[in-house]
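**Student:** 3D, please:
(4 chains)
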4 protein chains.
Amino acid sequence: MRLNVPIRLRWSDLDAYAHVNNASMLRLLEEARIQAFWETDEAVHGDTAVGASTAVLDGRPGAATLTIIARQEVEYLAQVPYQRLPLDVQLWIGRMGGASLEVCYEVWSPVGVAPAVLYARAATTIVLVDAASGRPRRINDHERASWTPYLDEPVAFTKRAPSRS
Amino acid sequence: MRLNVPIRLRWSDLDAYAHVNNASMLRLLEEARIQAFWETDEAVHGDTAVGASTAVLDGRPGAATLTIIARQEVEYLAQVPYQRLPLDVQLWIGRMGGASLEVCYEVWSPVGVAPAVLYARAATTIVLVDAASGRPRRINDHERASWTPYLDEPVAFTKRAPSRS
Amino acid sequence: MRLNVPIRLRWSDLDAYAHVNNASMLRLLEEARIQAFWETDEAVHGDTAVGASTAVLDGRPGAATLTIIARQEVEYLAQVPYQRLPLDVQLWIGRMGGASLEVCYEVWSPVGVAPAVLYARAATTIVLVDAASGRPRRINDHERASWTPYLDEPVAFTKRAPSRS
Amino acid sequence: MRLNVPIRLRWSDLDAYAHVNNASMLRLLEEARIQAFWETDEAVHGDTAVGASTAVLDGRPGAATLTIIARQEVEYLAQVPYQRLPLDVQLWIGRMGGASLEVCYEVWSPVGVAPAVLYARAATTIVLVDAASGRPRRINDHERASWTPYLDEPVAFTKRAPSRS
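**Tutor:** Sure thing, here's the model as predicted:
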């Protein structure tokens, strides 16, 4: 199962080539990830953009858990022009380990705009870190239960050359 | 052979966790890449940070060639705190194709600071695109000759899970 | 009359102090301004966030008019924490000249959250520039008619020290 | 007396108009301000860009003093194109109060490039805040002595319309 997170561009996501910059794309993924996984007060009563079922991490300042990025991979498939309707960021979990998970994404043109364009594929490895000790901490049962419905095959990258490792 | 490109952090590269944000890391790589590959007027007489030997792409507005990012992969190995001395971004070419090249990076703590810390490993696939036609164009002989000395083994990623593709 | 433009924060708007950075505030104003004044295809059929009545400038790449910022002034009245509900950016026109206008703003906490907090007051002087000639061009009748209903007293700054000029 | 702080652009400071964005200009000012006022370990032995005499605020994470921005004003006098040589940000103190100071700036084209261009004038009101209490704290004698040589007339803005206040 996938989450569909609508993410609006900002004009400042464009670079001097007048399309969304490669680093800005990571900001969009970050925003989708935060909306999907972080529980906030507003999420309870106000934020209908995203089903709150996966949003079980406390994302507030001073939270007990930090979400640290260990790895990212992005394939940029089409240039993203400025547009006002929110992009359709589809998000699922490609792997769930002891203290880490791999979030997978497909970044699509806005829902309802035809023809649909797949702008990017990406994956982010997140490690849950205990804020007090600075060490990885295990995914707990509540988190695992909340996230398991969104577990699916990892995104299939098509432009990856063989690594030496 | 590697290019050593000194890249200064900005305080705004930090996020609310008070370390360099994952997307900001791509800005640092972008900046290193531009200093390494783009020829500018200033590079001729003023910019001693980087040997100009690889800087053979015209990076000025209206240039005939655009450099489009097709793929990026980053491993974040250690959190990067704010620091004033420039990071030591080491950069080389992992593959050179017909119209594309893979730029590889290791992002190190500032030169002269001990112990040296490897903050990140990364690779970027760049496609040279003809600005007029919007189509990929071949790496020319001058570019190939300028870049060949920096051709080396692709960076070895250590956190990559097997892809389905 | 004021326009109310809902503007969502991004987590990356926070700096290492874990509140919205002073420069990020200008990004929020920019986004509000663009939604208010730029006509796009999507605005016609999809963007209900903002009444389209003021959105009469062509904001697409290659548009005949550039909107250049000549001056900005911001008073930061309260720190802005991360929150998911969109901020309520209230926007009006404080002055309309021959080729320029002053956009005024009050940045408020999200609609419906009590007590309401006024985070910032700001003003931006925009000059309309003809893209071909690079020279200022006059506000035309259609623009003037569209914007006049939103003309009101300029924002009253309270922290301004006397300038020598 | 003015401090001359060399600030390098990043390509990502450009927006889709291919010049330095109005919000990015505040990032450049922020960076100049930090280099001028924040004491870091590196400043002691490595950072020769800026005379360390004003850099008496502890800018490290967990520092006892936060520097909060209360107000900013910028006049954008000329568009800033991408260039590699660092801009010459000239910085002085226009006013020193009990717990606050006004930093003034002129942003110039790189030293040695003729003709010199004045890109922007700006002023930032900074309040020193005690991190523990969250309340303003007085400028201490050491700070006042360090900053007094750089006290001069506030920047003279030329585009300011009369405020109602």
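**Student:** Go through stretch A:104-118 and flag the buried ones.
**Tutor:** A:Cys104, A:Tyr105, A:Glu106, A:Val107, A:Trp108, A:Ser109, A:Pro110, A:Val113, A:Val117 (16 or more other Cβ atoms under 10 Å in any protein chain shown). (Glycine included, C-beta is placed from N, CA and C.)
**Student:** Could you identify the helix or strand that succeeds the least confident helix or strand in chain A by mean pLDDT?
**Tutor:** Sorting the helices and strands of chain A by mean pLDDT, DSSP states H and E puts helix A:41-45 at the bottom, at a mean of 45. Next along the chain after helix A:41-45, taking DSSP states H and E as the criterion, comes strand A:57-58.
**Student:** What is that next one packed up against?
**Tutor:** Identification of packing neighbours for strand A:57-58 by 3 or more Cβ pairs under 8 Å, 6 or more residues apart in numbering or on different chains; DSSP states H and E yields strand A:38-39, strand A:65-76.
**Student:** from the ones you listed, which stretch is densest packed?
**Tutor:** Of all the helices and strands packed on strand A:57-58, strand A:65-76 carries the top mean neighbour count, a mean of 21, counting by mean count of other Cβ atoms under 10 Å in any protein chain shown.
**Student:** Any idea how far that one is from the middle of the chain?
**Tutor:** 9 Å (Cα atoms, centre = their mean, to the nearest Å).
**Student:** So which bits of the helix or strand just after that strand are buried?
**Tutor:** Once the chain leaves strand A:65-76, the next helix or strand it forms, by DSSP H and E, is strand A:87-96. Applying a neighbour-count criterion of 16+ other Cβ under 10 Å, one finds A:Leu87, A:Asp88, A:Val89, A:Gln90, A:Leu91, A:Trp92, A:Ile93, A:Gly94, A:Arg95 buried in strand A:87-96.
**Student:** so the fifth one touches A:Phe37, yeah?
**Tutor:** Read it as A:Leu91. No - the pair A:Leu91 / A:Phe37 is not scored as a contact, 9.2 Å apart, by Cβ atoms under 8 Å.
**Student:** Just give the closest residue to A:Ala132, not the sequence neighbours.
**Tutor:** A:Ala64 (7.1 Å; Cβ to Cβ, 6 or more residues apart in numbering or on different chains).
**Student:** Tell me who's in contact with the one you found.
**Tutor:** A:Asp58, A:Asp130, A:Ala131, A:Ala132 (Cβ atoms under 8 Å, 6 or more residues apart in numbering or on different chains).
**Student:** Among the residues you listed, show me the least confident.
**Tutor:** Across the contacts of A:Ala64, the smallest pLDDT goes to A:Asp58, namely 84.
**Student:** low pLDDT regions in chain A?
**Tutor:** Scanning chain A for pLDDT under 70 picks out A:40-52, A:162-165.
**Student:** so A:His19 sits right up against A:Val80, yeah?
**Tutor:** Yes - with contact defined as Cβ under 8 Å, A:His19 reaches A:Val80; the gap is 5.7 Å.
**Student:** which residues touch stretch A:27-38?
**Tutor:** Contacts of stretch A:27-38 (Cβ under 8 Å, 6+ apart): A:3, A:5, A:7, A:9, A:13, A:20, A:47, A:49-50, A:54-59, A:67, A:72, A:74, A:87, A:89, A:91, A:103, A:105, A:107, A:122, A:124, A:126, B:22-23, C:10-12, C:84.
**Student:** Narrow these to those that are buried.
**Tutor:** A:3, A:5, A:7, A:9, A:13, A:20, A:47, A:50, A:54-57, A:59, A:67, A:72, A:74, A:87, A:89, A:91, A:103, A:105, A:107, A:122, A:124, A:126, B:22-23, C:10-12, C:84.
**Student:** picking that back up, distance to chain D added to the buried residues of stretch A:104-118, as CSV?
**Tutor:** Formatted as CSV, the buried residues of stretch A:104-118 follow (distance: Cβ to the nearest Cβ, whole Å):
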residue, distance to chain D
A:Cys104, 26
A:Tyr105, 22
A:Glu106, 25
A:Val107, 19
A:Trp108, 22
A:Ser109, 19
A:Pro110, 19
A:Val113, 21
A:Val117, 19
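**Student:** Which of the three states applies to A:Arg144?
**Tutor:** helix (DSSP: H, G, I helix; E, B strand; the rest coil).
**Student:** In contact with it, which residues?
**Tutor:** A:Met96.
**Student:** now do 10 Å
**Tutor:** Going by Cβ atoms under 10 Å, 6 or more residues apart in numbering or on different chains, A:Arg144 touches A:Val56, A:Met96, A:Leu101, A:Arg138, A:Leu151.
**Student:** Determine which two of the residues you listed are furthest apart.
**Tutor:** Comparing every pair within the contacts of A:Arg144 by Cβ to Cβ identifies A:Arg138 and A:Leu151 as the most remote, at 16.7 Å.
**Student:** The spatially most central residue of chain A and chain B: what is the separation?
**Tutor:** The centroid of chain A falls nearest to A:Arg33 when counting by Cα atoms, centre = their mean (3.3 Å). A:Arg33 sits 10 Å away from chain B, going by Cβ to the nearest Cβ, to the nearest Å.
**Student:** Flag every buried residue along stretch A:139-151.
**Tutor:** For stretch A:139-151, burial by neighbour count (16+ other Cβ under 10 Å) applies to A:Ile139, A:Glu143, A:Ser146, A:Trp147, A:Tyr150.
**Student:** Sorry, wrong one. I was asking about stretch A:28-41.
**Tutor:** If you call a residue buried by 16+ other Cβ under 10 Å, then stretch A:28-41 has these buried ones: A:28-40.
**Student:** near chain D, which residues of chain A?
**Tutor:** Proximity of chain A to chain D, by Cβ under 10 Å from any Cβ of the partner chain, involves residues A:11-19, A:21-24, A:81-82.
**Student:** In helices, which of these fall?
**Tutor:** A:Asn22, A:Ala23, A:Ser24 (DSSP state H).
**Student:** from these, which is closest to B:Val155?
**Tutor:** A:Asn22 (17.5 Å).
**Student:** The closest one touches B:Ala70, doesn't it?
**Tutor:** Yes - with contacts defined as Cβ atoms under 10 Å, A:Asn22 counts as touching B:Ala70 at a distance of 9.5 Å.
**Student:** which residues do those two both contact?
**Tutor:** Joint contacts of A:Asn22 and B:Ala70 (Cβ under 10 Å, 6+ apart) are A:Val74, A:Tyr76, B:Thr124.
**Student:** in what helix or strand does the last one lie?
**Tutor:** So that's B:Thr124. Assigned by DSSP H and E, B:Thr124 falls in strand B:118-130.
**Student:** how about the CA coordinates for that strand, as CSV?
**Tutor:** The C-alpha coordinates for strand B:118-130 follow below in CSV (Å, rounded to 0.1, in the frame of the first residue of the first chain):
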residue,chain,number,x,y,z
LEU,B,118,34.9,11.1,6.1
TYR,B,119,31.5,12.6,6.2
ALA,B,120,30.0,11.3,3.0
ARG,B,121,30.5,9.4,-0.2
ALA,B,122,28.5,10.3,-3.3
ALA,B,123,28.1,10.0,-7.0
THR,B,124,26.2,12.1,-9.5
THR,B,125,25.4,11.2,-13.1
ILE,B,126,25.5,14.3,-15.3
VAL,B,127,24.2,14.4,-18.9
LEU,B,128,25.4,17.1,-21.2
VAL,B,129,22.4,18.6,-23.0
ASP,B,130,22.4,20.9,-26.0
